[in-house]
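**Q** Model the following, please.
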Amino acid sequence: MNNNDKKPQQRFLALDTSTASLAVSVMEQDKLLSEVNTNADRNHSVHLHPVMEQALAEAGIGMDQVDGIAVGVGPGSYTGIRIAVTAAKTLAWANQLPVVGVSSLHALAWGGLKSGWSETAAEEGVHWVVPLLDARRGQVYTALFAADSQRQSEAPVRMETDGIRLMQSWVEAIKERISKLPEEERPVCIWFIGEVELHAETARGLEPWFGDRLRIHPYSLEGRWMGYLGAARLLAGEADEVHTLVPNYTQLSEAEANLLRKR
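**A** Okay, here's the model as predicted:
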């Protein structure tokens, strides 16, 4: 194959407004070209377009050179998620580009774990990752992922779906899940990542199991992790229907909602 036969490199724009962090990145294939992350008091509707323009300019490309769009669909702030999803759908429709939705919690888990591993030596083995976004009244947007410290370049693998859960019940559910595993299959470390401040005390309910291998790590979402996850889908030829792509407006289970009403 000569150089003229090579496929052109694809470039992707990724954005997320589901958290306090406005996170945007530009990818070339699976490589990061640029990213802009800003905490703008959740006033993302005002700042999103200037931040996208900044990220594209830093990558040295224009919107007419973008080949696909990835967007965080939450769960998270109801108002926040809609801003990025609406912008992504509008851009995809206007420019006839493929668009993919990406779990904001998956990106949060991956980025937060890598941040944690960069600050402390990663124990060899499988780590469980619990991303947290505060949903008020003792509730969190959360999920559960697993990652092998020997394969740090790979995205964490999903173990539980994204959802809104009562933090106390969620910690008990994780305890129960661990208790059913043989000793050799249990995680070597468990991480609570993201908006952890209000929920740290509840998370420490796992300290008797893990001791100093329970890690509570504050972390704000960075655009690159949304970019990596989105690029993987787009490079695989995946695309969501632009008209039916919607934010993940997750709800409490009926049992948890009933428990909350009794408080």
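**Q** Just the buried residues of stretch 94-101, please?
**A** For stretch 94-101, burial by neighbour count (16 or more other C-beta atoms under 10 Å) applies to 97-101. Glycine gets a C-beta too; all of them are placed from N, C-alpha and C.
**Q** Out of those, flag the one nearest to D162.
**A** Nearest to D162, judged by C-beta to C-beta, of these is G101 at 11.4 Å.
**Q** Looks like that closest one contacts V73 (just checking).
**A** Yes - assessed by C-beta atoms under 8 Å, G101 is found in contact with V73 at 4.0 Å.
**Q** intersection of neighbour lists for those two?
**A** 85, 245, 248 (C-beta atoms under 8 Å, 6 or more residues apart in numbering).
**Q** got a markdown table for those residues, with pLDDT too?
**A** Below are the shared contacts of G101 and V73 laid out as a markdown table (pLDDT from 0 to 100):
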| residue | pLDDT |
| --- | --- |
| V85 | 96 |
| L245 | 94 |
| N248 | 90 |
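**Q** I'd like those residues as TSV, with neighbour count, secondary structure and distance to E197 appended.
**A** Listed next are the shared contacts of G101 and V73 as TSV, based on neighbours: other C-beta atoms under 10 Å; DSSP: H, G, I helix; E, B strand; the rest coil; distance: C-beta to C-beta, whole Å:
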residue	neighbour count	secondary structure	distance to E197
V85	24	helix	27
L245	17	coil	32
N248	21	coil	23
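**Q** ok, so of these, who is nearest W191?
**A** Using C-beta to C-beta, the shared contacts of G101 and V73 come closest to W191 at N248, 21.9 Å.
**Q** can you map out the helices along the stretch 101-250 of the chain?
**A** Here the stretch 101-250 of the chain has its helices, by DSSP state H, counting those that start in this stretch, at 104-119, 167-179, 200-203, 207-210, 223-235.
**Q** Any chance of JSON lines for those, columns mean pLDDT and distance to A20?
**A** Below are the helices of the stretch 101-250 of the chain laid out as JSON lines (pLDDT from 0 to 100; distance: least, C-beta to C-beta, whole Å):
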{"stretch": "helix 104-119", "mean pLDDT": "96", "distance to A20": "11"}
{"stretch": "helix 167-179", "mean pLDDT": "96", "distance to A20": "18"}
{"stretch": "helix 200-203", "mean pLDDT": "97", "distance to A20": "17"}
{"stretch": "helix 207-210", "mean pLDDT": "90", "distance to A20": "27"}
{"stretch": "helix 223-235", "mean pLDDT": "98", "distance to A20": "14"}
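**Q** With adjacent residues omitted, what lies nearest to the residue nearest in space to the middle of the chain?
**A** By C-alpha atoms, centre = their mean, the mean C-alpha position of the chain lies nearest to A107, the distance being 2.4 Å. The spatial neighbour of A107 that comes closest, neighbours along the chain excluded (C-beta to C-beta, 6 or more residues apart in numbering), is W225 at 4.1 Å.
**Q** give the contact list for that neighbour.
**A** W225 neighbours (C-beta under 8 Å, 6+ apart): 107-108, 110-111, 114.
**Q** before we move on, back to that, of all the helices of the stretch 101-250 of the chain, which lies closest to L13?
**A** Among these, the nearest to L13 by C-beta to C-beta is helix 223-235 (8.5 Å).
**Q** export stretch 200-213 as PDB, just CAs?
**A** What follows is stretch 200-213, C-alpha atoms only, in PDB (Å, rounded to 0.1, in the frame of the first residue of the first chain):
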ATOM      1  CA  ALA A 200     -17.000   9.900  52.200                       C
ATOM      2  CA  GLU A 201     -18.300   8.800  55.700                       C
ATOM      3  CA  THR A 202     -20.700   6.400  54.200                       C
ATOM      4  CA  ALA A 203     -18.000   5.000  51.800                       C
ATOM      5  CA  ARG A 204     -15.800   4.300  54.800                       C
ATOM      6  CA  GLY A 205     -18.300   1.600  55.700                       C
ATOM      7  CA  LEU A 206     -16.000  -0.600  53.600                       C
ATOM      8  CA  GLU A 207     -12.900   0.200  55.700                       C
ATOM      9  CA  PRO A 208     -13.200  -3.000  57.800                       C
ATOM     10  CA  TRP A 209     -12.900  -4.900  54.500                       C
ATOM     11  CA  PHE A 210     -10.200  -2.900  52.800                       C
ATOM     12  CA  GLY A 211      -8.400  -0.800  55.400                       C
ATOM     13  CA  ASP A 212      -6.000   1.500  53.600                       C
ATOM     14  CA  ARG A 213      -6.900  -0.100  50.300                       C
END
